[in-house]
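*Asks:* Turn this into a structure:
(one chain, ligands or ions: 2)
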Amino acid sequence: MQNECWGIILAAGQGSRMAEATGGEAKQFLRWKGAPLWWQSARAMAASPLIHGLVFVFPPDRKAEAEDELRRLDRAHSLGVRIAVTEGGARRQDSVRHGLDALPDVCASVLVHDSARPFLSTALVTRLADTLRQALPSGIMGVIPGLAVTDTIKQVDGAARVTSTPVRAQLRAVQTPQVFPADALRDAHERALREGWDVTDDASLMEQSGLSVLVIEGAPSNIKITNPQDLAMLNESKPLLPCCGYGYDVHAYGGDRPLMLGGVPVGGEFLVRAHSDGDVLLHALMDAILGCLAAGDIGHLFPDNDPKFENISSVVLLDHVLGLAAEAGLRLCHVDLTVIAQKPKLAPHADAIRRNVARLLDLPLDHVAFKATTEEKLGFTGELKGLKAVALVSAVR
Ligand code: CTP
Ligand code: MG
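*Replies:* Numbering: from 1, shown residues only. Ligands and ions are numbered 1, 2, ... in the order given. Okay, here's the model as predicted:
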């Protein structure tokens, strides 16, 4: 039975109007909040209770790479809807046609959206799909969001000479998503192909096919990133929120791992017992970073019964944790690290440890503090049974 509503996320354009400003990168692939721009509107769409699935349309030469990223993002922050991926075509309307071909048979209506409009709201998606559902019986075959124009619009010829002035009150600047019955939109695209129509939105095809399309109130914030100056809008996103993470770790002496701290070999007579390389300082640091993300701990991420992590360098594990942090849009600001050990004496290594941690985290040196202390011969560190480390990380997100 055809009863589902799907979205098509168009992300196969070249972004030629702002290629210079982005260094050649297509605008929908710009990184924003730790993910490519196309991910933002996908999330807004998928959050609507009326949406069952999404088809992503990527450039043919980037499809595999983009699909990998999509699956990874979906694993980390599930969209909660079904997903399909296909390749775009030369023109926008070709990409839409490919997207329509990738829809499942159960799809009854489809919202076509430009991923270059990342500020789409879920409320608009729901309002569009709901309006089509209600208006279908009265013969409406498409619902699109539009805004009244404030400028007077002129029609001009090739030499920029004014040929006419449409009545402003009758004009609407239209946006995406645009929603249609899937079969009707498919027919319109097939006809466009046969008859050589060239359009900039899907509603145009429906109009040219003689079908009625309704404009509802769009959202002023639902702008399309098109020209270089629009990039500024990506900077005016939500304010960053500060957060802190705390990490604590202990390793016993009496093992077989030479002592590493902050990725620096400290050496000496005390060998550490550990599954990984036993870098107690990087372990505390990773837990503190995961604390900022509220994403569990390293024991959970890198189980100590997994042979894959046997004697693994903690620098490699840290790299993975930093990848998660970047993906979540976390920006580290400052770390304060302390190792508690009676022996060995750490002062001779302090500078190297601090510099190495700053390098690993890509932080300025004056935002990495490293301290070492003893417990005055008390407790297990005092009895030379092991050592511990604590880390405090502050960050914004
Ligand atoms: N699009 C697409 N396939 C194409 C052309 C465009 O999927 N062959 C998508 C774009 O990725 C964008 C949306 O359609 O999300 C709207 O197109 P537009 O704003 O024109 O983007 P580009 O075509 O990428 O930019 P430009 O016209 O400046 O090259
Ligand atoms: Mg274009």
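*Asks:* tell me which element the residue in the stretch 251-397 of the chain positioned nearest to ligand 1 falls in.
*Replies:* As assessed by C-beta to the nearest ligand atom, ligand 1 sits closest to Gly329 within the stretch 251-397 of the chain, at 21.7 Å. C-beta: built from backbone N, CA, C; applies to glycine. Here Gly329 is covered by no helix or strand, with elements defined by DSSP states H and E.
*Asks:* Tell me, how many residues neighbour the closest residue in space to Ala21 that isn't next to it in sequence?
*Replies:* Closest residue in space to Ala21, ignoring its immediate chain neighbours: Pro228 at 3.6 Å, by C-beta to C-beta, 6 or more residues apart in numbering. Using other C-beta atoms under 10 Å, the number of residues around Pro228 comes to 14.
*Asks:* Correct me if wrong: the residue of the stretch 251-397 of the chain closest to ligand 1 contacts Trp39.
*Replies:* No - contact between Gly329 and Trp39 fails when scored by C-beta atoms under 8 Å: they sit 11.3 Å apart.
*Asks:* more neighbours, those two?
*Replies:* Neighbour totals were compared for Gly329 and Trp39, and Trp39 leads with 25 against 16 (other C-beta under 10 Å).
*Asks:* The more buried one: which element?
*Replies:* Assigned by DSSP H and E, Trp39 falls in helix 37-46.
*Asks:* Contacts only, for the residue in the chain positioned nearest to ligand 1.
*Replies:* Closest to ligand 1 within the chain is Gly13: 2.1 Å, counting by C-beta to the nearest ligand atom. Contacts for Gly13 (C-beta atoms under 8 Å, 6 or more residues apart in numbering) come out as 26-28, 88, 92, 95, 116.
*Asks:* what does Gly329 give?
*Replies:* With contact taken as C-beta under 8 Å, 6+ apart, Gly329 is in contact with 33-35, 397.
*Asks:* Identify the spatial nearest neighbour of the residue of the stretch 251-397 of the chain closest to ligand 1, chain neighbours not counted.
*Replies:* Closest to Gly329 by C-beta to C-beta, 6+ apart is Gly34, at 3.7 Å.
*Asks:* Ligand 1 contacts on the stretch 1-150 of the chain?
*Replies:* Residues of the stretch 1-150 of the chain that fall close to ligand 1, judged by C-beta under 6 Å from any ligand atom: 10-17, 26, 28, 57, 88-92, 95, 114-116.
*Asks:* now, which of those residues lie within helices?
*Replies:* Counting by DSSP state H, these place 92, 95 in helices.
*Asks:* And Ala326, how far from Leu318?
*Replies:* Going from Ala326 to Leu318 by C-beta to C-beta, to the nearest Å gives 12 Å.
*Asks:* With neighbour numbers in mind, choose between these two.
*Replies:* Per other C-beta under 10 Å, whichever of Ala326 and Leu318 has more neighbours is Leu318, with 22 against 14.
*Asks:* can you tell me the helix or strand for the more buried one?
*Replies:* Going by DSSP H and E, Leu318 is part of helix 314-327.
*Asks:* Do you have the helices of this protein handy? List them.
*Replies:* 37-46, 63-76, 92-101, 122-135, 182-195, 202-208, 232-235, 280-293, 298-301, 314-327, 347-361, 379-382.
*Asks:* Save these as a markdown table, and put in mean pLDDT too.
*Replies:* Formatted as a markdown table, the helices of the chain follow (pLDDT from 0 to 100):
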| stretch | mean pLDDT |
| --- | --- |
| helix 37-46 | 95 |
| helix 63-76 | 97 |
| helix 92-101 | 98 |
| helix 122-135 | 96 |
| helix 182-195 | 97 |
| helix 202-208 | 97 |
| helix 232-235 | 80 |
| helix 280-293 | 98 |
| helix 298-301 | 95 |
| helix 314-327 | 94 |
| helix 347-361 | 96 |
| helix 379-382 | 97 |
